[in-house]
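what follows is a protein structure lacking sequence information:
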């Protein structure tokens, strides 16, 4: 192998090591705890009037990464990823100018998917799906600009349907609700559907 090829492979090897997410390997960035949260004005470098731009990284005591994101002029920007202490991914989604935007996914600490949500300018928009920790679907909700809109279905943790309701621009449509107990028997109120 010629010198140039070996040098390039060595460069790639060290580049890969630099990108690994283990404590002790250099990852530039600071914790949110090292910044001052000024609410609608964003995050600032402590004791300055300078909004922070750069990487944000936090670690669990177990040496597993807790979260990683980027900030531009004091606001979360781009991919946000967080993990549980056991190393299992917890949340993944994007920020735009400090607000949630696009698809977000959450998981339980056992790796089971917890939710899938879509965001538009910081508000839920479109279909939201949530699951119980045992893997059974918990609910499906439709949103339009942050308000319930359309069908909302909820299941018991045993997989039996609990309720179906219809909303229009955040308002529950009367007489649209149907309810079932955990045995699958039809009941006449939401209170009777809850175990």
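Now that the structure is in, tell me what you want to look at. Everything numeric in this text was worked out from a predicted model, so none of it was measured.

residue 139 sits in which helix or strand?
strand 137-144 (DSSP states H and E).

so what strands line up beside that strand?
Under the criterion DSSP bridges, strand 137-144 sits next to strand 126-131 (antiparallel), strand 147-155 (antiparallel) in its sheet.

looking at this protein, which helix or strand does the model trust least?
Between all helices and strands in the chain, the lowest mean by mean pLDDT, DSSP states H and E belongs to helix 3-18, at a mean of 44.

go through the very next helix or strand once past that helix and flag the buried ones.
For helix 3-18, the following helix or strand on the C-terminal side (DSSP H and E) is strand 35-37. Buried residues in strand 35-37, counting neighbours by 16 or more other CB atoms under 10 Å, are found at residue 35. Every C-beta, even on glycine, is put in place using the N, C-alpha and C of the backbone.

same question, stretch 131-149
For stretch 131-149, by 16+ other CB under 10 Å, it's 131, 132, 138, 139, 140, 141, 142, 143, 144, 148, 149.

ok, the third one - contacts?
Same thing as residue 138. Residues counted as contacts of residue 138 (CB atoms under 8 Å, 6 or more residues apart in numbering) are 130, 131, 132, 154, 155, 157.

tell me the spacing between the residue lying closest to residue 109 once chain neighbours are set aside and residue 131.
Among residues not flanking residue 109 along the chain, residue 84 sits closest, at 4.5 Å (CB to CB, 6 or more residues apart in numbering). Look at residue 84 and residue 131: by CB to CB, to the nearest Å, they are 16 Å apart.

and if you look at residue 89?
Taking CB to CB, one finds residue 89 at 15 Å from residue 131.
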